[in-house]
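S.K.: coords please:
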Amino acid sequence: MDLGIRGQAALVTAGSRGLGRAVALELAREGARVALAGRDLGNAEQSAEEIASETGSEVVGWRCDVSRGEEVRELVDRAAGGSFRRSG
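M.R.: Below is the predicted model of the structure:
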């Protein structure tokens, strides 16, 4: 299926496992640049590496606890700014 999102940026919260990971994987398969976020940075980075390896798309894993407003604002700002660098 071609969703017409090749090269577009996508942000997926709860993206390191389960349904969120499946969404991140499908977006990457469509050629989107994907930032996936989870509460555990290690899990998010591992999922991102696996998805990037499988799809060839740019995928990064970031840490974010969506129950913390300041972390959500930072996450959205990074993604909207096109900053697909790894978390520090």
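
S.K.: residues in contact with stretch 33-44: which ones?
M.R.: The contact list for stretch 33-44 (Cβ atoms under 8 Å, 6 or more residues apart in numbering) reads 7-17, 20-21, 24, 27-28, 47-48, 51, 57-66, 75, 78-79, 84, 87. In this view, the C-beta of every residue, glycine as well, is placed from N, C-alpha and C.

S.K.: give the buried residues for that stretch.
M.R.: By 16 or more other Cβ atoms under 10 Å, the buried positions in stretch 33-44 come out as 33-39, 41, 43-44.

S.K.: before we move on, back to that, quick one: buried ones out of the contacts of stretch 33-44?
M.R.: Looks like those have 9-16, 20-21, 24, 27-28, 47-48, 51, 57-64, 75, 78-79 buried, using 16+ other Cβ under 10 Å.

S.K.: quick one: which of those sit in helices?
M.R.: The members of the buried ones among the contacts of stretch 33-44 that map onto helices under DSSP state H are 20-21, 24, 27-28, 47-48, 51, 75, 78-79.

S.K.: closest to residue 1 out of those residues?
M.R.: residue 27 (11.8 Å; Cβ to Cβ).

S.K.: how near is the nearest residue to the closest one once chain neighbours are set aside to residue 34?
M.R.: Of all residues beyond its chain neighbours, the one nearest residue 27 is residue 10 (4.6 Å), with distances taken as Cβ to Cβ, 6 or more residues apart in numbering. Plainly put, residue 10 is 5 Å away from residue 34 if you go by Cβ to Cβ, to the nearest Å.

S.K.: what's the overlap in contacts for those two?
M.R.: Common contact partners of residue 10 and residue 34 (Cβ under 8 Å, 6+ apart): 24, 27.

S.K.: for this protein, which segments are assigned as strands?
M.R.: Assigned by DSSP state E, the strands in the chain fall at 9-13, 33-38, 59-63.
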